[in-house]
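1. Make a model of this:
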Amino acid sequence: MSRIGKKPVKVPSGVKVEVAPQLLKVSGAKDTLTLDLDGAVSVSQEGDEVVVTRKDDSRHARAMHGTIRSHIANMIEGVTKGFQRGLSIYGTGYSVKVQGQNLEVAVGFAKPVVMPIPAGINVEIKTPAARGNDNPAQFIISGPSKHLVGQFAAAIRLKKPPEPYLGKGIRYTDEQIKRKVGKAFGSS
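-> Predicted coordinates:
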């Protein structure tokens, strides 16, 4: 039995959970999220708890048991508190700004990289421009869906991943870059 899957998920006050045969809907103060349920598990609401049980003992059902329970817990946390991911841009002249519903990131290319901000995602810019390698440009991506926040942050980071020699590029705020030593010129 899955240790995570068999734990019931507490539903705090102010959160409404609706269970349909193949759909789960969670509504809260921040947003309303939906989840398509897999046929291998069944979800039921018992009082102020949501319980996930698997229908049989197949490999797929065992895999989905804990996964669906984790998705439900993340949805409940998302509609109450929300999720956020911080990003830092290291490099002289690199910058970030929000233009309407687009995020513009200048990371050393001929033109700034323009990415549309998905619906339900907020971008808060703390420091708009990097000043050298010591003071990075910083911004925070936040929203109720853990999946969307993480996916958008990863898409931004993919535009210019940090390089190992000087550390220039886009990285997560809590990410540590393994640095390499450059060429050493010796005298003979």
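2. Please spell out which residues along the biggest helix by length in the chain are buried.
-> Taking DSSP state H as the criterion, the chain has its longest helix at helix 59-80. Buried residues in helix 59-80, counted by 16 or more other Cβ atoms under 10 Å: 61-80. Placement of C-beta: from N, CA and C, glycine included.
3. Ok, stretch 152-166 next?
-> For stretch 152-166, by 16+ other Cβ under 10 Å, it's 152-153, 156-157, 160, 162.
4. Now the residue nearest to the spatial centre of the chain: closest residue in space, sequence neighbours ignored.
-> For the chain, the residue nearest the mean C-alpha position is residue 150 (1.9 Å; Cα atoms, centre = their mean). With Cβ to Cβ, 6 or more residues apart in numbering as the criterion, residue 150 has its nearest non-adjacent residue at 6.4 Å, and that residue is residue 85.
5. Contacts only, for that neighbour.
-> Shown in contact with residue 85 (Cβ atoms under 8 Å, 6 or more residues apart in numbering): 140-142, 149-150, 153, 172.
6. Three-state assignment for residue 148, please.
-> Following DSSP: H, G, I helix; E, B strand; the rest coil, the label given to residue 148 is helix.
7. Run a quick neighbour tally on residue 149.
-> For residue 149, the count of nearby residues is 23 (other Cβ atoms under 10 Å).
8. hmm, back to that, let me see the confidence value for the residue nearest to the centre of the chain.
-> You'll see residue 150 listed with a pLDDT of 96.
9. Against residue 65, how distant is it?
-> To residue 65, residue 150 is 22 Å away according to Cβ to Cβ, to the nearest Å.
10. Likewise for residue 169?
-> Residue 169 is 39 Å from residue 65, by Cβ to Cβ.
11. Over to residue 178?
-> Counting by Cβ to Cβ, the gap from residue 178 to residue 65 is 36 Å.
12. go on, residue 38?
-> With distances taken as Cβ to Cβ, residue 38 is found 9 Å from residue 65.
13. List the beta-bridge partners for residue 140.
-> residue 86, residue 124 (DSSP bridges).
14. Contact partners for it?
-> Counting by Cβ under 8 Å, 6+ apart, residue 140 makes contact with 84-87, 123-124, 126.
15. about what we covered before: could the buried residues of stretch 152-166 go into JSON lines alongside secondary structure and distance to residue 43?
-> Below are the buried residues of stretch 152-166 laid out as JSON lines (DSSP: H, G, I helix; E, B strand; the rest coil; distance: Cβ to Cβ, whole Å):
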{"residue": "152", "secondary structure": "helix", "distance to residue 43": "27"}
{"residue": "153", "secondary structure": "helix", "distance to residue 43": "28"}
{"residue": "156", "secondary structure": "helix", "distance to residue 43": "33"}
{"residue": "157", "secondary structure": "helix", "distance to residue 43": "33"}
{"residue": "160", "secondary structure": "coil", "distance to residue 43": "41"}
{"residue": "162", "secondary structure": "coil", "distance to residue 43": "40"}
